[in-house]
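Engineer: A structural model of the following input is requested.
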Amino acid sequence: MKNKYTKRQQLFVEHYLTCLNASEAARRAGYKRKANVAGSDLLSNPEIRLRIHEELKKVTVSADEAVARISAIAKGSMEYFITFNNEGKPCVDLKKAKENHKLFLIKKIRISNDGEMTVELLDSIKAMELIIKHSGIFDKFSGNGVPEDSPLTRIKKFVEEQSAKAKLKKLKHKKNNLPAEQSGVPEH
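Structural biologist: Okay, here's the model as predicted:
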């Protein structure tokens, strides 16, 4: 299949994808005439617009995809990472996580001097906060006479408490330079 674009047009597309500015992309691609005019002309070319659109689709995430990923983080569990050895001891199993397509849940992996691996997952409470904010659940009900003992109010309080505890735990950890589990804030 013959290439429909000149080398300079290909350069324009590549530069446009990195800076998202038509004038700057035209300048970087080496167009001699006024960059703002060249950039505008190039963006009005349907084939170039289509190529840019196709390339952007490869690297962008839709809102639905983002919400689905955040929901998966909120539901993240160590069950995807743990297997039990012959003695019944739990062991981190990254192969199991990969097979379950759950490696994206990992925030950090640490390997101790004796070779023991620990895995920290992304913050599920923070993910729940983002989902709640995205859905606007609390905004719809705040100030509208929702009873204090309603399930919605209890969920909101729980999420706020967990978020505050997590922030306090991080602050105490930094202040005392202690491992998080020794910071004195109980985990729930």
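Engineer: pull up the distance across stretch 116-128, start to finish.
Structural biologist: 30 Å (CA to CA, to the nearest Å).
Engineer: for that stretch, the distance to its chain's centre please.
Structural biologist: On the basis of CA atoms, centre = their mean, to the nearest Å, stretch 116-128 sits 13 Å off its chain's mean C-alpha point.
Engineer: what's the answer for stretch 22-31, then?
Structural biologist: The chain centre lies 31 Å from the centre of stretch 22-31; the measure is CA atoms, centre = their mean.
Engineer: neighbouring contacts of that stretch?
Structural biologist: 8-9, 11-16, 19, 35-36, 38-40, 42-43 (CB atoms under 8 Å, 6 or more residues apart in numbering). (Each C-beta comes from the backbone N, C-alpha and C, glycine too.)
Engineer: most neighbours among those residues, please name it.
Structural biologist: Phe12 (28 neighbours; other CB atoms under 10 Å).
Engineer: pretty sure it contacts Asn45?
Structural biologist: No. With contact defined as CB atoms under 8 Å, Phe12 does not count as touching Asn45 (9.6 Å).
Engineer: ok, back up a step: pull the most distant pair out of the contacts of stretch 22-31.
Structural biologist: Glu14 and Asn36 (19.0 Å; CB to CB).
Engineer: distance check, the residue of the chain most remote from its centre against Asp41.
Structural biologist: Distance from the C-alpha centroid of the chain, by CA atoms, centre = their mean, peaks at Arg33 (40.6 Å). Per CB to CB, to the nearest Å, Arg33 is found 9 Å from Asp41.
Engineer: overlap of the contact sets of the two?
Structural biologist: With CB under 8 Å, 6+ apart as the test, Arg33 and Asp41 reach no residue in common.
Engineer: okay, helices next: where are they in the chain?
Structural biologist: 7-19, 22-29, 35-44, 46-59, 63-74, 94-99, 124-135, 137-141, 151-176 (DSSP state H).
Engineer: just those: most buried one?
Structural biologist: helix 22-29 (a mean of 20; mean count of other CB atoms under 10 Å).
Engineer: can you tell me the average pLDDT over that one?
Structural biologist: Helix 22-29 carries an average pLDDT of 94.
Engineer: pretty sure Lys96 is touching Phe84, no?
Structural biologist: No. Judged on CB under 8 Å, Lys96 makes no contact with Phe84 at a distance of 11.1 Å.
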